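Novice: kindly generate the corresponding structure for this input.
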Amino acid sequence: MNKVRLLRKEERSLVQDIDKTAIISNVTTSVPNDLVSSLFPERKRLWDSIHNTEELSIFIKHLADKYILLYENYSKGREKYANLYLAWLDTIRSYTCKSQQTENSKRDWAPVLGRHDTTVSDSAQTTVLASILHAVQREVNSQMATHIQSLTKEQSTAFTEKPSDETSLYRISGWAIKSAIDYRLKKKGKEEELQLLKALRRSKASKITLPIGAQFLDRGGLTFIKPEFLQWICEVENSIKKNLNQNGYQKYGKNIFRVGV
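Specialist: Coordinates of the predicted model:
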């Protein structure tokens, strides 16, 4: 069992130092990239109608407070990060899935929605809202890691979650391996595939060389890929980015995300 807390005793006061103004600014800057607006003009039209509003800033701050509270509540126990992320996914669903929406989530989002371009579809509204929720999570995690790194006087560069940085690649590829292993554990006749996937995992002893951001994430006991495979993951990501545009969509259609592999 991983007994390391997400927040150690001396770090818990750092929660109060989270810069909500910076989170609001970073979220409003990053969301347009997440929306892939060049492919989906409807999303861009909606975002353009709300992104400079006071209502959106208030909403982002409220979401940051909710995530920080979850962070504190899930700071101990087994598989802490997995439980934290699952709890946040429940929050995302309470805003984006009509069947799971609560009165509170409707009330939170309504003032922002009141400023939006009413010609956009429900699908575009849901996508924009989900992007905001994911961006809030990303920015709070980034600030948490930076503050903790400062407290422990680490000498490496402060952790920020950029799409192409090593920490993000380790996190995404590790999640993919963990999901694939869990799936094959439930299936019979998958032993060879299972052993291959397990061979991709980084050993506990070698985690000491992970980037500082990944070491911070590892307090949740996560799976990470071996470093020798990281370059291939990076090449796949770059290939997808290269083709993720209107021309790529017209050429590959629904298979656009397979071209990197």
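Novice: quick one: the helices in this protein?
Specialist: 20-34, 41-50, 54-73, 80-96, 103-113, 122-151, 166-185, 191-199, 212-217, 230-243, 246-252 (DSSP state H).
Novice: deepest in the core, which of those is it.
Specialist: Highest mean neighbour count among those (mean count of other CB atoms under 10 Å): helix 212-217, with a mean of 22. Where C-beta positions appear, they are placed from N, C-alpha and C, glycine not excepted.
Novice: flag the shaky bits of the stretch 1-150 of the chain, pLDDT-wise.
Specialist: For the stretch 1-150 of the chain, the stretches with pLDDT under 70 are 1-17, 36-39, 75-81, 115-118, 147-150.
Novice: mind redoing it with 50?
Specialist: Residue ranges of the stretch 1-150 of the chain with pLDDT under 50: 1-4.
Novice: show me what contacts K190?
Specialist: Counting by CB atoms under 8 Å, 6 or more residues apart in numbering, K190 makes contact with R184.
Novice: and it, how far is that from I181?
Specialist: The gap separating K190 from I181 is 10 Å, by CB to CB, to the nearest Å.
Novice: kindly report the same for N238.
Specialist: To I181, N238 is 26 Å away according to CB to CB.
Novice: okay, now N52: neighbour count?
Specialist: By other CB atoms under 10 Å, 10 other residues sit near N52.
Novice: i'd like the first residue to be 14 from this point on
Specialist: In the new count, where the first residue is 14, that last one comes out as N65.
Novice: what's it sitting at in phi/psi?
Specialist: phi -100, psi 20 (degrees, to the nearest 10).
Novice: before we move on, what about L223?
Specialist: The phi/psi pair for L223 (degrees, to the nearest 10) is phi -60, psi 150.
Novice: repeat for C110
Specialist: Per-residue torsions, C110: phi -100, psi 120 (degrees, to the nearest 10).
Novice: how much space is there between it and N117?
Specialist: When distance is defined by CB to CB, C110 is 14 Å away from N117.
Novice: please apply the same query to L83.
Specialist: L83 is 15 Å from N117, by CB to CB.
Novice: again, but for L213
Specialist: 41 Å.
Novice: before we move on, what about R197?
Specialist: Per CB to CB, R197 is found 39 Å from N117.
Novice: is it true that K220 touches I238?
Specialist: No: counting by CB atoms under 8 Å, K220 does not reach I238; the two are 11.5 Å apart.
Novice: of the two, who's got more company?
Specialist: Using other CB under 10 Å as the criterion, K220 and I238 rank with I238 on top: 21 against 13.
Novice: can you pull the contacts of L102?
Specialist: Contacts of L102 by CB under 8 Å, 6+ apart: none found.
Novice: contacting residues around T236?
Specialist: 187-188, 190-191, 194, 214-215.
Novice: angles on the backbone of it, please.
Specialist: phi -90, psi 140.
Novice: pLDDT value on it, please?
Specialist: Listed pLDDT for T236 reads 80.
Novice: roughly how far apart are it and A158?
Specialist: 19 Å.
Novice: before we move on, the earlier item: can you list the contacts of T236 in CSV and add distance to A95 and pLDDT?
Specialist: CSV is the format used below for the contacts of T236 (distance: CB to CB, whole Å; pLDDT from 0 to 100):
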residue, distance to A95, pLDDT
G187, 12, 78
W188, 10, 77
I190, 14, 83
K191, 9, 82
I194, 14, 84
R214, 16, 85
R215, 17, 84
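Novice: just put the residues you listed in TSV and tack on distance to C247.
Specialist: Shown next, in TSV, are the contacts of T236 (distance: CB to CB, whole Å):
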residue	distance to C247
G187	14
W188	16
I190	16
K191	19
I194	22
R214	18
R215	16
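Novice: from those residues, which single one is nearest L126?
Specialist: W188 (31.2 Å; CB to CB).
Novice: which ones are touching the closest one?
Specialist: For W188, the contacting residues are 235-236, by CB under 8 Å, 6+ apart.
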